[in-house]
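> Predicted model and sequence below, questions to follow.
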Amino acid sequence: MIYSYETRIYYQDTDAGGIVYHANYLAIAERARTEALREMGAPHAEMVAEYGVMFVVHRVNLHYQRPARIDEVVRVETEFVEIGGASVTLRQKFFRDSDSLAVLDLGLGCARVSDGRATRIPRDWARRLKV
């Protein structure tokens, strides 16, 4: 399933030329992932509160295709590609209307809040994340 998130590009997202600063794509992608998890019935805060675990980013590959500019509305489509025992692989695509702006491939690992060590995704949580 694909989850869609829209946001406007604000001045704080851009560089001196009015183009989204490269690192800010990661912040926008994080908001889109958070909303996708919420739509799936798997919000981060609940995962931490119920199981003492959280998702952490362990791999990012971001391919920039076209610039996003100040005041434009950008849509991020988030797709959960693979769910493993302790990891999740996602693909996030950035669009302005039908123009593809960027593609982000991301790996999340499940870690214990108490010590940051890797751990398996809780079983019922993994069911919520089914691709």
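Sure thing, it's come through.
> Name the nearest residue to V103, sequence neighbours excluded.
Nearest non-adjacent residue to V103, counting by C-beta to C-beta, 6 or more residues apart in numbering: H63, 4.8 Å away. C-beta coordinates here come from the backbone N, C-alpha and C atoms, glycine included.
> What residues sit buried inside the helix or strand hosting that neighbour?
Using DSSP states H and E, H63 sits in strand 53-64. Neighbour-count burial for strand 53-64 flags 53-55, 62 (criterion: 16 or more other C-beta atoms under 10 Å).
> Adding pLDDT and distance to A86 as columns, could you present these in a markdown table?
Compiled in a markdown table, those are given as follows (pLDDT from 0 to 100; distance: C-beta to C-beta, whole Å):
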| residue | pLDDT | distance to A86 |
| --- | --- | --- |
| V53 | 96 | 10 |
| M54 | 95 | 12 |
| F55 | 95 | 10 |
| L62 | 97 | 23 |
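> Can you give the distance of whatever helix or strand D105 lives in from its chain's centre?
D105 is part of strand 99-112 when elements are defined by DSSP H and E. Between the centre of strand 99-112 and the centre of its host chain there is 5 Å, according to C-alpha atoms, centre = their mean, to the nearest Å.
> what ranges do the strands span in the protein?
2-8, 53-64, 73-83, 87-96, 99-112 (DSSP state E).
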